[in-house]
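# my questions concern the predicted model and sequence given below.
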Amino acid sequence: MLLSPLFPTAEQRLTGIWILLLGLTIFSFHLSGWLTLGNVMPFALSLTFFKGQLVVDHFMGLKKVVTPWRWLMLGYLICLISLLAWALTSNSGGIS
């Protein structure tokens, strides 16, 4: 795992991931002020998927689960992000 040499214990690893999530959230907030909606949306939605996958894998503890729960959460993330992309690009009341 990428973070294992930096954070040897589980508590340190989760704290590092939490700090990473905070940093990515702050970065995406500032990114929305720097770019237009059309330019920032694909990046922001990709970042949202990455953050959601971190939460599912590490904070929900589904990284090593072989049951369909991990796939169910992955499908939920894909559906949620697809609906957000559709709502933001829709001509019926979306942001123009």
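That came through, no problem.
# packing partners for the host helix or strand of N39?
If you go by DSSP states H and E, N39 is part of helix 37-54. For helix 37-54, the helices and strands in contact under the criterion 3 or more Cβ pairs under 8 Å, 6 or more residues apart in numbering; DSSP states H and E are helix 10-34, helix 69-89. C-beta coordinates here come from the backbone N, C-alpha and C atoms, glycine included.
# lowest-confidence helix or strand of the protein?
Sorting the helices and strands of the chain by mean pLDDT, DSSP states H and E puts helix 37-54 at the bottom, at a mean of 84.
# and A85, how many neighbours does it have?
The tally of other residues near A85 (other Cβ atoms under 10 Å) stands at 14.
# whoops, I mixed them up, W34
What W34 shows, counting by other Cβ under 10 Å, is a neighbour count of 8.
# for it, give me its contacts.
V40 (Cβ atoms under 8 Å, 6 or more residues apart in numbering).
# could you measure the nearest residue to L47 once chain neighbours are set aside against V55, distance?
Once flanking residues are discounted, L47 sits nearest to S28: 5.3 Å by Cβ to Cβ, 6 or more residues apart in numbering. Taking Cβ to Cβ, to the nearest Å as the measure, S28 and V55 are separated by 15 Å.
# can you pull the pLDDT of G61?
At G61, the pLDDT value in this model is 83.
# phi, psi for it please.
Taking degrees, to the nearest 10, you get phi 70, psi 30 for the backbone angles of G61.
# number of residues surrounding it?
G61 has 11 neighbours, counted by other Cβ under 10 Å.
# W18 too?
Look at W18: counted by other Cβ under 10 Å, it has 14 neighbours.
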